[in-house]
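Asks: This is a predicted model, with the sequence first.
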Amino acid sequence: MTLKSKHQGGSLKKKFKEYEQPWHVQKFEPVRSWISDAEDDIKRYLEDIADQNKELSLITAVLDQCSDDLFGLNAAPEDRKTMTRIPAKLFRDFEPGGGLCYILVAAIKYKLVRPDFNFEKDLAKADRAAARAHAGLFLELERALLNASLLRRPKVVFRGDVEHDARAELQ
C-alpha cells in the first residue's frame, strides 16, 4: 500500500507499515474468526479475499487514521461537532467480541450496503472533504460500540446558576 499523506513522517501518520507486518497481521486471527461467526454476510465477504487478516488489518488502519483526521485534535471544528474520536484502545482490542470486532463488523456492513464504497479510496484520501461524505460510517461504528457497551458517552451536568444560553452553547 503506497498511500501518502500531506503530514510529515512518510506514509500516513498511523504507520501503515506496522499494520502490514506479519506479526501484526497475525493478531487479527481471533478477530477474523469472531466476525466470520457473527454474520453470514460478513463471512461471504471475507471468503472472496485471499489474505483476510491483512485486509482486516488495512481496514483497521484506514478507519483509525480517518477517525483521527476527521474527529481528532487537529480536525476542523465543524467535524469535531459531529462526534468525538473513537478511542484508540478500541482499535487495539484484538479479543474475540472486543472493540475491534464490533468496529470491523459495522464497517463491513456499511460497505456491503454501499457496493461502490472502498475503504482505501474513499477514506484514505488526502482530501478530507471526500472522507467527510462518509461520516455516517463513523456514526455507525459509534452506535455499534455503544450498543455493545464498549463505549460510553460522557454525561455533563451544569450547575443551576449557568445561564440557559451558555448551557445551550456548551452542549
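Replies: Sure thing, it's come through. From a predicted model like this one, the values you see are computed outputs, not experimental measurements.
Asks: and Leu151, which of the three is it?
Replies: What DSSP: H, G, I helix; E, B strand; the rest coil gives for Leu151 is coil.
Asks: Could you tell me how many residues sit around it?
Replies: 18 (other C-beta atoms under 10 Å). (C-beta placed from N, C-alpha, C; glycine too.)
Asks: From what I see, it and Arg143 are in contact.
Replies: No - with contact defined as C-beta atoms under 8 Å, Leu151 does not reach Arg143; the gap is 9.4 Å.
Asks: How far does the helix or strand harbouring Leu58 sit from its chain's centre?
Replies: For Leu58, the host element (DSSP states H and E) is helix 52-71. In terms of C-alpha atoms, centre = their mean, to the nearest Å, the centre of helix 52-71 is set 6 Å apart from its chain centre.
Asks: Would you tell me what the next helix or strand after it is?
Replies: Later in the chain than helix 52-71, the nearest helix or strand by DSSP H and E is helix 77-80.
Asks: From Ala61, how far off is Phe16?
Replies: Plainly put, Phe16 is 5 Å away from Ala61 if you go by C-beta to C-beta, to the nearest Å.
Asks: And the most centrally placed residue in the chain, how far from Gly72?
Replies: By C-alpha atoms, centre = their mean, the chain has its centre lying nearest to Leu63, at 3.6 Å. Noted for Leu63: a distance of 13 Å to Gly72, by C-beta to C-beta.
Asks: now do Phe91
Replies: For Phe91 relative to Gly72 (C-beta to C-beta), the value is 13 Å.
Asks: Who has more neighbours out of the two?
Replies: More crowded of Phe91 and Gly72, by other C-beta under 10 Å: Phe91, with 20 against 17.
Asks: I'd guessed the more buried one sits against Ile103; true?
Replies: Yes - using C-beta under 8 Å, Phe91 is in contact with Ile103, at 6.8 Å.
Asks: Overlap in contacts, the two.
Replies: Both Phe91 and Ile103 are contacted by Thr60, Leu63, under the criterion C-beta atoms under 8 Å, 6 or more residues apart in numbering.
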